[in-house]
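Student: Provided below for reference: sequence and predicted model.
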Amino acid sequence: MAGNINLAFDYPLLGVFWTIFFFGLAVLWFMLLFRVVADIFRDHDLDGWGKTGWLLFVILLPFLGVFVYVVVRGRQMSARETAHAQARQRAFDSYVRTTAGTGSSRTGSSQVEQLARLTEMHDKGAISDQEFQDAKTKVLH
């Protein structure tokens, strides 16, 4: 064997701790970086040049750029995130109301009502089996 072989017990426990710690910090750093970049693009108050300036600052000097952005625009950043979440919730609620109560389901409920009336008429004997099948086919298509 012509070289050093590193075994698991050659890497001390404190070294494992520091490796995991710095890996966690790196993950948090990239999450913050991506959130800042997303906020730059989401901000409607900044014009194109402002967005370009902040984006270049964050890309060219990432640590300083992100920290300055968070200090200068951090409070507005959380307000924009809250407004964006509320807009998504309103859009979802509107979609649920449209899908559940009105719109395309209205024709579905009228079909259900028509089929219920046809079934009631068939049960009372007002229409024959053949008339019931023909009317049901007409309602469903």
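Tutor: Great, that's in hand. Source: prediction; values computed, not measured.

Student: give the contact list for the residue lying closest to Q111 once chain neighbours are set aside.
Tutor: Once flanking residues are discounted, Q111 sits nearest to V139: 5.7 Å by Cβ to Cβ, 6 or more residues apart in numbering. Bear in mind the C-beta positions are built from the backbone N, C-alpha and C, glycine included. By Cβ atoms under 8 Å, 6 or more residues apart in numbering, the residues touching V139 are 111, 114-115, 118.

Student: pLDDT weak spots in the chain?
Tutor: 1-3, 6-10, 101-109 (pLDDT under 70).

Student: out of the contacts of V139, who's the most crowded?
Tutor: L118 (19 neighbours; other Cβ atoms under 10 Å).

Student: quick one: which helix or strand includes that one?
Tutor: Element membership for L118, per DSSP states H and E: helix 104-124.

Student: packing partners for that helix?
Tutor: helix 129-140 (3 or more Cβ pairs under 8 Å, 6 or more residues apart in numbering; DSSP states H and E).

Student: tell me where the longest helix sits in this protein.
Tutor: If each helix of the chain is counted by residues according to DSSP state H, the longest one is helix 62-101.

Student: buried set for that helix?
Tutor: Neighbour counts over helix 62-101 (16 or more other Cβ atoms under 10 Å) mark 65-66, 69, 73, 77, 80 as buried.
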